[in-house]
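1. What follows is a predicted protein model with its sequence.
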Amino acid sequence: MAVVTESEPNEPIDMEPEFGSNNNEGCSSRHVANGTPRDIAKGLEDKPVQPHNITFPKNKENGRSFSSMRYQKHAWLEYSVSKDAAYCYPCRFFSAGIHKSDECFISIGYRNWKNATGRTGRLVKHSLSQRHLNAAAAWADFENNQQSQHSIRSTLSQAWKDQIQNNRHYLMTIVQILLYCAFQEIALRGHREGEDSQNRGNFLKLIDLVSRHDSVVKNKIHDGPKNAIYTSHGIQDELLALLAKKVLHKICQAVKEAGFYSIIVDESRDSSKQEQMSLAVRYVDIEEGCVHEHFIAFMQAEHQDAESLSSYIKQALITYDFDINKMVSQGYDGASIMSGHCSGVQTRVREFAPLAVYIHCYAHVLNLVLVDSVRSVATASEFFVLLEALYVLVSSSKIHALFVKLQRQCNPNQQPLEFKNSQRLVGFADTLLLTQSVVHTMHFFLL
Ligand SMILES: [Zn+2]
């Protein structure tokens, strides 16, 4: 009969009969790597495999079988269904070396169920052996270490997530302040933006205001790393450029979805004496059923001849990926270089965009009509000269104060008309209002 011998220095030599006369029947292998069955733990990432609710096979000779009740007393115990054998989890993975007496619980597998239980049973003896106790202690240390590492990892992970969320919240606040200033057309920067400045500009003052009500923004501004505050001029420009890119992308998408579109181009000299061409696009929103008109870009016009201007327009249409064949009209002022039907910009544009009908800008046309009408009708000309003189008179500080005072007297319930910031008539509406107010005021005091 084959036997498996297990000897410990501190315990009596135990000669255990294994079942059957064939060694292979009780011992699957003498090497852990090659002989360990695959249905028990394969590594430290697995827990001890302890199958329940199965029928454990009975030994043919004595009718004994393994019982899942043994897991309760021996947490280290593993059972292989394929081998019908018990193994020791800590000894397999945490034993310093394989002693011959350990083999039955490490590589061979223990199956002598008749001698397994009881005070002097094989399982109790193994659990009290010094090598098993050492391995079990190492296993317990490993488990504790794993738990603390998991706890540290989860703590770090939560802190990491919080930091990401706070960073996003802060950056979104910066973006919203930039958008607010851009939408309201107010300057971002102050003349002096240092800490000791009394007015650091709209952008920094708005951040300061928000930080009084938002702890995340406050912490970032006052206690965050100074290289990640995102308030520098460079960052402002970069964020605005990204936002503009996003808006432009949406407009371009809408134009493509609309199918057909028109362009409006005008040129003007900017404050740095550079000629700039402005490009605007008009299209019909099919879903809303209304016309949209959007500014697209300024283009620097180094040369102002018709060929250069038309090439700038073509280049812009290509840059923004507009389908040239779907441009159905082009609107400019009446300057001959733009409107000329022989070699003007409109003619050259129609060479690459044949559907683009030229439209003389209606606002420019109206302006020309008004100027020509006033010049042609002497009475109208005199009227506007008189009106201009009246406006200049009323705009002088002494007369203006008197004018406001008289308005309050004759119309106590109405807000008086005031002209404070302009030396010239701003527009047709101002002209009418001024005339009306002056006439009413004079009428009130003359009668
Ligand atoms: Zn063990």
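-> Received it, and whenever you're ready, just let me know what you need.
2. Determine the number of other residues adjacent to residue 253.
-> Around residue 253 sit 11 other residues, with neighbours defined as other Cβ atoms under 10 Å. No exception for glycine: its C-beta is placed from N, CA and C like everyone else's.
3. confidence score at residue 440?
-> On the pLDDT scale, residue 440 is placed at 71.
4. tell me which element the residue nearest the centre of the chain is part of?
-> With distances taken as Cα atoms, centre = their mean, the residue of the chain nearest its centroid is residue 168 (7.4 Å). In the assignment (DSSP states H and E), residue 168 maps to helix 130-184.
5. Same question for residue 351.
-> helix 345-352.
6. likewise residue 280?
-> Going by DSSP H and E, residue 280 is part of strand 275-285.
7. ditto for residue 297
-> strand 290-300.
8. Check which residues of whichever helix or strand comes after that strand are buried.
-> Using DSSP H and E, the next helix or strand after strand 290-300 towards the C-terminus is helix 306-319. Residues 306, 309-314, 316-317 are the ones in helix 306-319 that count as buried (16 or more other Cβ atoms under 10 Å).
9. Export the residues you listed as TSV, with columns for distance to the ion and pLDDT.
-> Formatted as TSV, the buried residues of helix 306-319 follow (distance: Cβ to the ion, whole Å; pLDDT from 0 to 100):
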residue	distance to the ion	pLDDT
306	95	90
309	90	92
310	90	93
311	86	93
312	85	93
313	86	94
314	84	93
316	80	93
317	80	93
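10. Pull the most distant pair out of those residues.
-> For the buried residues of helix 306-319, with distances taken as Cβ to Cβ, the pair at the greatest spread is 306 and 317 (16.7 Å).
11. Let me see the contact set for the residue of the stretch 101-250 of the chain found nearest the ion.
-> Using Cβ to the ion, the closest approach of the stretch 101-250 of the chain to the ion is made by residue 132 at 3.4 Å. Counting by Cβ atoms under 8 Å, 6 or more residues apart in numbering, residue 132 touches 76, 88, 90-91, 95, 102, 105, 126.
12. among those, which are in reach of the ion?
-> Filtering the contacts of residue 132 for neighbours of the ion using Cβ under 5 Å from the ion leaves 88, 91.
13. what two of the contacts of residue 132 are the furthest from one another?
-> 76 and 102 (12.5 Å).
14. residues shared between the contacts of the two?
-> Contacts common to residue 76 and residue 102, judged by Cβ under 8 Å, 6+ apart, are 88, 91, 132.
15. so can I have TSV of those residues showing pLDDT?
-> Converted to TSV, the shared contacts of residue 76 and residue 102 look like this (pLDDT from 0 to 100):
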residue	pLDDT
88	93
91	91
132	91
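16. Which of the residues you listed sits closest to residue 236?
-> residue 91 (66.3 Å).
17. for whichever strand or helix holds residue 127, packing partners?
-> Using DSSP H and E, residue 127 sits within helix 122-128. If you count contacts as 3 or more Cβ pairs under 8 Å, 6 or more residues apart in numbering; DSSP states H and E, helix 122-128 packs onto strand 11-17.
18. Need the mean per-residue confidence for the strand it packs on.
-> In this model, strand 11-17 has a mean pLDDT of 34.
19. hang on, the earlier thing: pLDDT value on the residue nearest to the centre of the chain, please?
-> Predicted confidence (pLDDT) for residue 168: 94.
20. dump the residue contacts of it.
-> No contacts exist for residue 168 under Cβ under 8 Å, 6+ apart.
21. Where does the prediction get shaky in the chain?
-> 1-34, 419-434, 441-447 (pLDDT under 70).
22. What parts of it come near the ion?
-> 88, 91, 132.
23. can you list those in CSV and add distance to residue 247?
-> As requested, those are exported to CSV (distance: Cβ to Cβ, whole Å):
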residue, distance to residue 247
88, 69
91, 69
132, 72
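24. still on that earlier bit, contacting residues around the helix holding residue 351?
-> Outside helix 345-352, the residues that reach it (Cβ under 8 Å, 6+ apart) are 265, 306-307, 309-310, 313-314, 324, 330, 332, 337-341, 356, 358.
25. how about a cut-off of 6 Å?
-> 306, 309-310, 314, 324, 330, 338-339, 341, 356, 358 (Cβ atoms under 6 Å, 6 or more residues apart in numbering).
26. what are the C-alpha coordinates of it, in PDB please?
-> Extracted C-alpha coordinates of helix 345-352, given in PDB (Å, rounded to 0.1, in the frame of the first residue of the first chain):
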ATOM      1  CA  VAL A 345     -15.000  91.600 -57.600                       C
ATOM      2  CA  GLN A 346     -18.600  90.400 -58.200                       C
ATOM      3  CA  THR A 347     -17.700  89.300 -61.800                       C
ATOM      4  CA  ARG A 348     -14.500  87.500 -60.700                       C
ATOM      5  CA  VAL A 349     -16.400  85.700 -57.900                       C
ATOM      6  CA  ARG A 350     -19.000  84.500 -60.400                       C
ATOM      7  CA  GLU A 351     -16.200  82.900 -62.400                       C
ATOM      8  CA  PHE A 352     -15.800  80.300 -59.600                       C
END
